[in-house]
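*Asks:* got a structure for you, letters missing:
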């Protein structure tokens, strides 16, 4: 199966909602980007694994005005097969992310964010 331009654009648009949520301090952008049952897995700088659901509390924290700096994320790759996709992101600071997405009813949603500290 070949990814169409429309699929690619919609997947990237979903990822941009995630990026914009940080830069615009808007938890609604995260809510629009993530599936309601999305999960977060990440490895911190010390190698500790953290796992928790992505919910309003996390989104409010991510969107906090205390995060005043502008976040730069680079889309490293986009892969899509049917109704699933994966996007690799590089942060302008200490983490690398993989985002798994699923398309339901024509809408792409992030179902899982897996990240690792760049020092690992």
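*Replies:* In hand now; what should we look at? Small disclaimer: the values here were computed from a predicted structure and weren't measured.
*Asks:* use CA for all of it now, contacts and neighbours both
*Replies:* Will do.
*Asks:* can you pull out the helices in the protein?
*Replies:* 5-23, 27-33, 56-62 (DSSP state H).
*Asks:* Other residues contacting the longest one?
*Replies:* By that I understand helix 5-23. With contacts defined as Cα atoms under 8 Å, 6 or more residues apart in numbering, helix 5-23 is touched by 26-30, 32-33, 62-63, 67, 69-73, 78, 85, 101, 107-110.
*Asks:* Looking at that helix now, give me its mean pLDDT.
*Replies:* For helix 5-23, mean pLDDT is 93.
*Asks:* swap in the last one?
*Replies:* Per-residue confidence for helix 56-62 averages out to 88 on the pLDDT scale.
*Asks:* from the chain's centre, how far out does it sit?
*Replies:* 13 Å (Cα atoms, centre = their mean, to the nearest Å).
*Asks:* now do stretch 26-33
*Replies:* 11 Å.
*Asks:* Mind listing what's buried along it?
*Replies:* 26, 27, 28, 29, 30, 31, 32, 33 (16 or more other Cα atoms under 10 Å).
*Asks:* what would these look like in TSV with distance to residue 42?
*Replies:* As requested, the buried residues of stretch 26-33 are exported to TSV (distance: Cα to Cα, whole Å):
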residue	distance to residue 42
26	22
27	20
28	22
29	21
30	18
31	19
32	21
33	19
